[in-house]
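J.: below are the sequence and a predicted model for it; my questions follow.
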Amino acid sequence: MSAHLTEAEIAEYLRLSYHPGVIASTDGYAELYAGVKLVCAAVLIPLIVLNDEWHLVFTRRTEAVEHHKGQVSFPGGGCDVGESSPEQTALREAGEEIGLKSADVRLLGKLNEVLTITRYRVTPVVGVLPWPYEIRPEPAEVERVFTIPLMWLADSENWEVRSVTPAGAPRAFQVIYYHAYDGEILWGATARMTHNLLSVLGLLN
């Protein structure tokens, strides 16, 4: 498997690195959050073993969703009233978006929170899925489900940092952009969460 990491080792790296309430990254957008109420959210970062190596599972959103139309993302979304943990939110959203049953996910831990330019405060939850698995995308939300090898994502030859000026932003910001993989472009907040996971696992140069 990638870097010979076991589930137990990944879980331990996550346990040691997670600190409740700590913001892992803002991608430099900090001034955009001043005085703004952030929306609670969580995503599931799904790990699978494919061809004897770790892959991450991603979705490409449809053009019908409210935010991040057509972009590559992890299954996830805003917290519902009554949900008491990011795990609940991430698993519910994964069930709604790709038909994932909560009982089929082995949760390994969480990453520190990330703030997005759309003013969400996102907790990434990491879990392992059995594979192959019957994925059932929600047509209104998910255009496609695909995987990318973890070690490909860790290779610095496959990504770069670009300056981007979001609509209404006062200046340009540094954003991670991956080169195309299987026709898909991973960038922005999802790329940042991916890098945060890779960093926690000691896989980034």
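T.: Thanks, I have it.

J.: ok, residue 22 - contacts?
T.: Counting by Cβ atoms under 8 Å, 6 or more residues apart in numbering, residue 22 touches 112-113. Where C-beta positions appear, they are placed from N, C-alpha and C, glycine not excepted.

J.: now do stretch 173-181: distance to the chain's middle.
T.: The chain centre lies 14 Å from the centre of stretch 173-181; the measure is Cα atoms, centre = their mean, to the nearest Å.

J.: and that stretch, what's buried?
T.: Residues of stretch 173-181 classed as buried by neighbour count (16 or more other Cβ atoms under 10 Å): 173, 175-176, 178, 181.

J.: ditto for stretch 105-117
T.: 105, 107-117.

J.: give me the mean pLDDT for that stretch.
T.: Across stretch 105-117, pLDDT averages out at 94.

J.: now the element after the lowest-mean-pLDDT helix or strand in the chain, going C-ward?
T.: When each helix and strand of the chain is scored by mean pLDDT, DSSP states H and E, strand 23-25 comes last, with a mean of 78. Later in the chain than strand 23-25, the nearest helix or strand by DSSP states H and E is strand 39-50.

J.: could I get the full set of strands for the chain?
T.: 23-25, 39-50, 53-61, 72-73, 76-78, 106-110, 113-115, 120-128, 142-149, 159-164, 173-178 (DSSP state E).

J.: can you lay out these as TSV showing distance to residue 198?
T.: Listed next are the strands of the chain as TSV, based on distance: least, Cβ to Cβ, whole Å:
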stretch	distance to residue 198
strand 23-25	12
strand 39-50	11
strand 53-61	10
strand 72-73	16
strand 76-78	18
strand 106-110	15
strand 113-115	14
strand 120-128	12
strand 142-149	12
strand 159-164	10
strand 173-178	11
